[in-house]
Every structure is written in structure tokens, then in C-alpha cells.
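Asks: Make a model of this:
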Amino acid sequence: STTSTATTTTTTTSTSSATHQQKGPVWQRLSECFRGDFDNYAQVLEDRKQNLEPREGGGHEHFHCTLVPLTESTRLAAFYFDGNPDRIFRFRYYELVPAPNDSNDNDTNNDSNDNNNDSNDNDNDNEAVEMYLNTLHPDLERLLKSHATDPLCWPDVFENFQPAVRGEPKVTVLQQCEISWSREIDPVQHSYLADNNDNDNDNDNDDSLHAVMIHGPTVVDSTIVPGMRIRIVDQLSLYRDVFYINDRGFDPVTGAFIYGNQREVPYRLERVSTIRKDGGGDGGGGGGALLQRRVVNPDLEWTIGPDFRTAEEYDRKLRAIGGPSVKTNKRNIYKSDGDGDGDGPAGK
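Replies: Next up, the predicted model:
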């Protein structure tokens, strides 16, 4: 979810090494839950009831996240404003890789099954999965955005895309922006979890996952505003049906906010749908047509796009939250304005 630029690289290939490492509960949980649609409309509605407007007002922008599996270890991620897929402000390619196992010097003299089981349990508790963030080739991003309302076709679009210039990569890794997922809740970086009851409400809270930036806060170039430098800070928490994104950007010199919630309250997105192959599994390998989107939260179904609501319902929902983006969205409910930038905050 981090914003930055990076030096051009070839398509990341570390996934191939993932097959040689054991995949534990953290990997399985990510594979199961890090997919589908998430939306923070309920949070925004509550903000507006408290007279909290976005940015300087201390409230949150209304945005939606769609995560489409390409393979077991890769995702296409699109973020858009106000339930309008034609206002995508961020498109990323995520790659999941099991973190190196640091516990390779086990006691070779330990022949006890009980001790071996304890060791395995400890390894599972300490398991981490690294996530590499990538930007898309500009032509590929434009092509995917032209299919913004049909994310189930994105795997095929991605697979079949060939850059016009031979040798150019489909994706470019964002340097120093790697994320580490684990079961560990950092008492400082994830302190926002102390103020929520998702642990109490989620029967699977023992399997909740939490992420931090591996290299800590990083200063990067904006992908949207040429010449702008941004100090990014990002933490994530993933439950089965809730996704916290605590993504903020600051001026590296003055410390002024560029994007994110200015009260440092993370965006709380609720699950709207799951996306998986018919019968389970992941997309990719030409299997995009087999992907199915199953709505699990009918109250938020309208945020998926115009095929899931009436124009009247959409207007009513947006009026309830007001905000500076309403007029823009009324103009672009069904048609993109062509630039695809979503008129979002600088740096996003």
C-alpha cells in the first residue's frame, strides 16, 4: 500500500525460490484472506457523523481496495475512491515470499518427538512472509484501468501484455518498500489495535496478521507528482473480514502531512467480497476466466461498481458522507475522465 518510485528492474523472480521453503500458517492465512474487496465506507460514515472531514478535518477519505490473485504468491491491487472503479488512484503488483528461516541451527541431538513438535510450533509462531511492492508498466496499468469494472479479467490481461519496447519489464520493484507479515503485533507500530474490538469479534483472531516496513520509514519519489519526495510510514493488520491500512506520507524536510489520516487513525476497510477460482485456489496461468467474486457483505456491495447498484442508490450513499469528491464522482460514475489519477491527494 506504499507509494513510491524505484529504479527500473526486471520483473521480480523471487517467487521461484519460495517453492523451496516451507509455507506455514502465516502464508496459508495470507493466501486465504489477502484477496477480494475491502471498503471503509462504514468508517467514513461514522467520521462524518462526528463532523470529521478528510485531511485537515481529521477524517478519512472513502476508498476501496480490490485484491485479485494471479498466482498463489502474487496479487494485483487496485485502490479507488468513493465506490467508483474509474477513479483508481493506485495500482500495484504484490509478490509474497516466505522470509528466510533464521532457525537453521536446531539441536541435532534432540531426538524427542515432543521437542521436535515444540520446535515446529515455535517456527510457526516466528514465521514471516515478505511482500514486495511493484509498480506496473504504464501501458499495462492503462490497459488494466480500461477494464476497471471487470477485475476478474485482470489475470488474463496481465499475462497477455507485452511491452512495446522489447526488454521492458511488466513490473518494477519499489526499492526499500518491502513489507513483513507475521502474527506479531508490534506494541508501538500497531498500537491502533488497542482501540478496536476486532480481536474480540473475530473467532479467528489468533490467526490475524500484522505487517511493518522491513527497512522502516523510507524517503522515496512520488509516482504522481514529479520531483516530490515523500517520507512514508506504513503498518497493516489483516483479519478475516477487516483490513487496516495505516499508510501516511510526510514532507521529509518539514514533516508536514502529504497524505493519510492526520489523526493517525488507520483506514479500517471491511470485507465486501472474496475472489477465488470456482472450487477454490488462485488465478493465473490463463485461469482468469475461472475466478469468481462472491459478495459476503451485501451492505457494501454497491461499492464494487456501477453493475452492483443503481444511480439513485449511489447518489444517496455519497450524500450521506459528503466530502470534496462527491461532485467529481457524479461526473464520472460510469465513465473515466481519462487521466485515471482519481484526483487524489498528492503523492498517492
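Asks: List the residue ranges of the stretch 101-250 of the chain that fall below the pLDDT cut-off.
Replies: Flagging of the stretch 101-250 of the chain using pLDDT under 70 yields the residue ranges 102-124, 199-206.
Asks: That one: helices as residue ranges?
Replies: Per DSSP state H, counting those that start in this stretch, the stretch 101-250 of the chain carries helices over the ranges 113-125, 138-145, 154-160, 198-201.
Asks: can you tell me which residues contact Asp207?
Replies: By Cβ atoms under 8 Å, 6 or more residues apart in numbering, Asp207 lies in contact with 25, 29, 183, 240. Backbone N, C-alpha and C define where each C-beta goes, glycine included.
Asks: List the beta-bridge partners for the closest residue to Thr66 other than its chain neighbours.
Replies: For Thr66, ignoring the flanking residues on the chain, the nearest one in space by Cβ to Cβ, 6 or more residues apart in numbering is Ala78 at 4.8 Å. Beta-bridge pairing of Ala78 under DSSP bridges involves Thr66, Phe91.
Asks: For the contacts of Asp207, which entry has the maximal number of neighbours?
Replies: Arg29 (21 neighbours; other Cβ atoms under 10 Å).
Asks: I figured that one hits Tyr239, correct?
Replies: No: the criterion here is Cβ atoms under 8 Å, and Arg29 misses it with Tyr239 at 9.9 Å.
Asks: Need the residues touching each of these two.
Replies: With Cβ under 8 Å, 6+ apart as the test, Arg29 and Tyr239 reach no residue in common.
Asks: circling back: hang on, the residue nearest to Thr66 packs against Phe91?
Replies: Yes: with contacts counted by Cβ under 8 Å, Ala78 reaches Phe91, the gap being 5.3 Å.
Asks: who touches both of these two?
Replies: Counting by Cβ under 8 Å, 6+ apart, the residues touching both Ala78 and Phe91 are Leu144.
Asks: how many other residues sit next to Val296?
Replies: 15.
Asks: That one and Ser273, how far apart?
Replies: 6 Å (Cβ to Cβ, to the nearest Å).
Asks: Quick one: mean pLDDT for stretch 26-45?
Replies: Per-residue pLDDT over stretch 26-45 has a mean of 97.
Asks: packing partners for the host helix or strand of Glu312?
Replies: Following DSSP states H and E, the helix or strand that holds Glu312 is helix 311-321. Based on contacts counted as 3 or more Cβ pairs under 8 Å, 6 or more residues apart in numbering; DSSP states H and E, the elements that helix 311-321 packs against are helix 41-49, helix 326-331.
Asks: redo that, cut-off 7 Å
Replies: In terms of contacts (3 or more Cβ pairs under 7 Å, 6 or more residues apart in numbering; DSSP states H and E), helix 311-321 is packed against helix 41-49.
Asks: can you put the contacts of Asp207 in JSON lines and add distance to Leu318?
Replies: As requested, the contacts of Asp207 are arranged in JSON lines below (distance: Cβ to Cβ, whole Å):
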{"residue": "Pro25", "distance to Leu318": "40"}
{"residue": "Arg29", "distance to Leu318": "34"}
{"residue": "Arg183", "distance to Leu318": "38"}
{"residue": "Arg240", "distance to Leu318": "28"}
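Asks: related to what we said a few turns ago, and for the residue nearest to Thr66, the neighbour number?
Replies: 22.
Asks: Read off the pLDDT value for it.
Replies: The model's pLDDT for Ala78 equals 99.
Asks: Start at 31, not 1
Replies: Renumbered: residue one is now 31, and that last one reads Ala108.
Asks: List the residues that contact it.
Replies: 96, 118, 121 (Cβ atoms under 7 Å, 6 or more residues apart in numbering).
Asks: Against Asp216, how distant is the last one?
Replies: Using Cβ to Cβ, one obtains 28 Å as the distance from Phe121 to Asp216.
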